[in-house]
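S.K.: Need coordinates for the following:
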Amino acid sequence: MSIPAVSVTDLFVSYHGKPALDNISFTINPGTRVGIIGPNGAGKSTLLKSILGLIPKDHGEVRLLGQPVKEVRTRVAYVAQRSEIDFTFPITVLDTVLLGTYPGLSWLRRARRSHKEWAFECLTKVGMADFARRQIGELSGGQQQRVFLARALAQKAEIFCLDEPFVGIDASSEEAIIELLQEQQQSGKTILIVHHDLSKTEEYFDELVLLNAGLIAAGPVQEVFQPEMMMKAYAAQLSFFKRKE
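M.R.: Numbering: from 1, shown residues only. As a prediction, this is how the structure comes out:
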């Protein structure tokens, strides 16, 4: 039996004494594309950040690739919500991708030619090579997300974690990004995506983690994406739910 890509056990996270995640437990196998879904305020982004060790947990255990997060951090790529990124920062598209090429790259440590060539190759994969010298803030939302995906590709990560990557981007960029993620999955990578558009759920994911502070369900899409499960999670926020035929 293979080691889970992600293992979460009895995870509890609170803000100012109020529970945000209440005893969450689930596992994700390698090579799986997983959607983290739930209503607004359900704790989706909190779960992703706690998995990555970006916010403290009250108790519980998270293991990635069978190890504590700090031991495998360089093998995990994270694409934050665009609203959390300072697009006024004076950095080019190519330099943004270079940051993913190897741990510890900074302005005081020059990238080698091989790093720059690999970063440019990753930009080519996402269709952004022509924008390499642009400042990141000059791009559209969809273009920015492609660049951040290129940075994740440059990291050669085994787990990709994306927080609401399709918010505020055009349809063509969304299609291109999901195709690239599918390619990564086919090569054995594990993909976790915080997602809100229920209409794309069955098309985009193999498995789901359905939250509303507590865990409602986790597992294959066919089992989790059911009316009774969705109503339990969304309650009054979901006026109707109809599965595709």
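
S.K.: so where do the helices sit in this protein?
M.R.: Assigned by DSSP state H, the chain shows helices spanning 44-51, 93-98, 113-125, 141-154, 171-186, 201-204, 221-224, 227-234.

S.K.: so which of these gets nearest residue 61?
M.R.: Of all these, it is helix 44-51 that lies closest to residue 61, at 11.0 Å by C-beta to C-beta. Heads up, the C-betas are built off the backbone N, CA and C, glycines and all.

S.K.: The closest one: how far from the chain's middle?
M.R.: 10 Å (C-alpha atoms, centre = their mean, to the nearest Å).

S.K.: can you list contacts of that helix?
M.R.: 6, 8, 11, 13, 20-21, 24, 36-38, 55, 57, 62, 64, 69, 81, 161, 163-164, 192, 194, 209, 211 (C-beta atoms under 8 Å, 6 or more residues apart in numbering).

S.K.: Just the buried ones from those residues?
M.R.: 6, 8, 11, 13, 20-21, 24, 36-38, 57, 62, 64, 69, 161, 163-164, 192, 194, 209, 211 (16 or more other C-beta atoms under 10 Å).

S.K.: Please narrow those to those residing in strands.
M.R.: 6, 8, 11, 13, 20-21, 24, 36-37, 62, 64, 161, 163, 192, 194, 209, 211 (DSSP state E).

S.K.: if I pick the residue nearest in space to the middle of the chain, what's in contact with it?
M.R.: By C-alpha atoms, centre = their mean, the chain has its centre lying nearest to residue 162, at 1.7 Å. By C-beta under 8 Å, 6+ apart, the contact set of residue 162 is 78, 79, 149, 181, 191, 192, 193, 194.

S.K.: Same question for residue 100.
M.R.: Here residue 100 is in contact with 77, 119, 122, 150, 151, 152, 153, 154, 155 (C-beta under 8 Å, 6+ apart).

S.K.: Tell me which two of the residues you listed sit farthest apart.
M.R.: 77 and 119 (13.8 Å).

S.K.: Relative to residue 222, how far out is residue 34?
M.R.: 14 Å (C-beta to C-beta, to the nearest Å).

S.K.: Between the two, which is the more surrounded one?
M.R.: Ranked by neighbour count (other C-beta atoms under 10 Å), residue 34 and residue 222 place residue 34 first, with 25 against 12.

S.K.: burial measure for residue 123, as a count.
M.R.: 24.

S.K.: Ignoring the adjacent residues along the chain, who's closest to it?
M.R.: Closest residue to residue 123 apart from its sequence neighbours, by C-beta to C-beta, 6 or more residues apart in numbering: residue 129 at 4.6 Å.
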